[in-house]
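Q: no sequence for this one, just the structure:
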C-alpha cells in the first residue's frame, strides 16, 4: 500500500469525507484516517440520531391529536429499546455508506489514530505517511466543566445508547443541543428540568423566538430553571442529586450536560508540530483554511467558525477545489445568510440577521410578526402555536432576517433561505402568491410592520 499522497485527511466526518472525495475526483491521491466512526458527530451522535429521536418524541402528541379527527388510539405503549436499536441499525447502515463512498472515490482509508508529525508527515498508529497537504477535520467533542461530582454527569453522546430511559432528567445548558434534548426527552415521557445559568436560553437567536419557545416549553410542562447553575453532583441511592448555586437541591435519575463543545485535538500533534490556536483552543486558520504550518489545513468544527454540518461540507468542497481543481472557487467562503434549524419543541428555523443584529447594521428596520394556531389543531383544544418574524431594512426594503418557531419551521425556512440569499425584498415577498391553507403563506401575507430605529 502506498504511503505517499497529495492529501491526507485526519477525520472522516462530514467535512473530511467531502474534502477527500472531491479532492480524489480532481485527480489527487488521497488518504483519510479515522479512529472512531465514519460520518463524524452528525451521523453517529448528532444530527441524524437526534432527528430520529425527535420524530419519535412527537408520537404521543400525534396520538392525542388523532382523536380530534375521529380516530380512537387507545392502549399505546412505548418501548425505548426498540427506538434505540432501530436508530443504531440505521447509523450502522450510514457508516457503511460513508466507507463505500470513499472506496468508490479511490480514497485510501486508514483506521487508527492520526497524528501530525510535522510538515508533510503523518502517523497512523505505528505507520508513517507523507503528504504534500494535510487536512485536519477531527471535529469537536462535548465539554463538561470541572466541579464536584462532574464525573457523574452524562454527555450528549450517551443519550443515544442508554440502557433504560430515565423518568426524571436534568438537562444542563442553554444552547440548541440542550434545548433539543429537553424537548425530545419530555416527548418520550420523561419529567424534564432544563437548567441554564443565563436569563434566557438560545443566546444568539432572535429575542422574540427565544421568548416564544420558552413560553411554549413551559406550556408543555418542561421545567425551565433560568439564572441557575449546578455547583455539585452527588450519587444518592440510584439517583443523582443536584445542588444549585442557591443551595437548593433536586434528585434526578440522570443529569445530562450540554454546555458546549470544544475542538477535538487529543493527541493530534507531535511536539513542535502544533499550529497556532485561538484563545478558545480552536485551530487558527486564514480565509483559505491554512494554518500557521505550511501545507497544513483545517476546517469544520475544529476551527470553531460555524459549527454546522452543511458548512463543513461546503468548506471541504471549497478547499478541494482550491487545492486541486482546474477552475478555482470564489475567493473565500461566504458565511452570510446560512440557514439553520433547532429541532426543539417547537422547532425553530432561522436565516439571516436577528433583530438585535439588524439594528447594529441598519439605522432603521421594519419588523413583521405573525402568531397563529396551526390549522391541524383547530378541531380540538390543544393550544399549539407558531410564530413567524420578518426583519426588513427600512431604507432598501431588503429582507435581512427570517425566523420561525413552530411546526415544519425547518422545512419552511429552507425554501425561503434561497430567496434571502438572493437578496429578496419585502416587495418580492408581497408579490408572491401564497399557497392556501399553509403556515408558510404567512410569510407572504404580512403587511403591518413596526418601524424600529437603532
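A: It's in. Predicted model only: the values in this text are computed from it and were never measured.

Q: Could you check how far residue 101 is from residue 107?
A: Per Cβ to Cβ, to the nearest Å, residue 101 is found 8 Å from residue 107. C-beta here means a position set from N, CA and C on the backbone, and glycine is covered the same way.

Q: neighbour-wise, which of those two wins?
A: residue 107 (24 against 16; other Cβ atoms under 10 Å).

Q: how about that one, phi and psi?
A: In terms of degrees, to the nearest 10, the main-chain angles of residue 107 are phi -90, psi 130.

Q: Now list whatever residues contact both of residue 101 and residue 107.
A: Residues touching both residue 101 and residue 107 (Cβ atoms under 8 Å, 6 or more residues apart in numbering) are residue 21.

Q: mind checking how far stretch 119-127 is from the chain centre?
A: Centroid separation between stretch 119-127 and its chain, computed with Cα atoms, centre = their mean, to the nearest Å, is 31 Å.

Q: in that stretch, what's buried?
A: 120, 121, 122, 123, 124 (16 or more other Cβ atoms under 10 Å).

Q: Let me know the closest of those residues to residue 91.
A: Minimum distance to residue 91 across those is 24.2 Å, recorded for residue 124 (Cβ to Cβ).

Q: Next, count neighbours for the nearest residue to residue 278 once chain neighbours are set aside.
A: The shortest distance from residue 278 to any non-neighbouring residue, by Cβ to Cβ, 6 or more residues apart in numbering, is to residue 284 (5.0 Å). When neighbours are counted by other Cβ under 10 Å, residue 284 registers 16.

Q: Same check on residue 264?
A: Residue 264 has 19 neighbours, counted by other Cβ under 10 Å.

Q: Check residue 447 too.
A: Considering only other Cβ under 10 Å, residue 447 is surrounded by 7 other residues.

Q: Tell me which residues touch the nearest residue to residue 398 once chain neighbours are set aside, please.
A: Leaving out its chain neighbours, the residue that sits closest to residue 398 by Cβ to Cβ, 6+ apart is residue 425, at 5.5 Å. Listed by Cβ under 8 Å, 6+ apart, the contact partners of residue 425 are 392, 396, 397, 398, 399.

Q: Now the two most distant members of those residues.
A: The widest separation within the contacts of residue 425, taken as Cβ to Cβ, falls between 396 and 399 and amounts to 9.8 Å.

Q: Looking only at neighbour counts, state which of the two leads.
A: Counted by other Cβ under 10 Å, residue 396 and residue 399 do not tie: residue 399 has more neighbours, with 27 against 12.

Q: Run a quick check on the more buried one versus residue 430, I expect a contact.
A: No: the pair residue 399 and residue 430 does not pass the contact test of Cβ atoms under 8 Å, sitting 10.7 Å apart.

Q: Tell me where the model's unsure across the stretch 51-200 of the chain.
A: Counting by pLDDT under 70, the stretch 51-200 of the chain has no low-confidence residues at all.

Q: Same check on the stretch 351-454 of the chain?
A: If you take pLDDT under 70 as the line, the stretch 351-454 of the chain has no such spans.

Q: excluding its backbone neighbours, what's nearest the residue nearest in space to the middle of the chain?
A: Nearest to the mean C-alpha position of the chain, counting by Cα atoms, centre = their mean, stands residue 308 at 5.5 Å. Closest residue to residue 308 apart from its sequence neighbours, by Cβ to Cβ, 6+ apart: residue 340 at 6.0 Å.

Q: Can you report phi and psi for the one you found?
A: Here is the backbone geometry of residue 340 (degrees, to the nearest 10): phi -150, psi 170.
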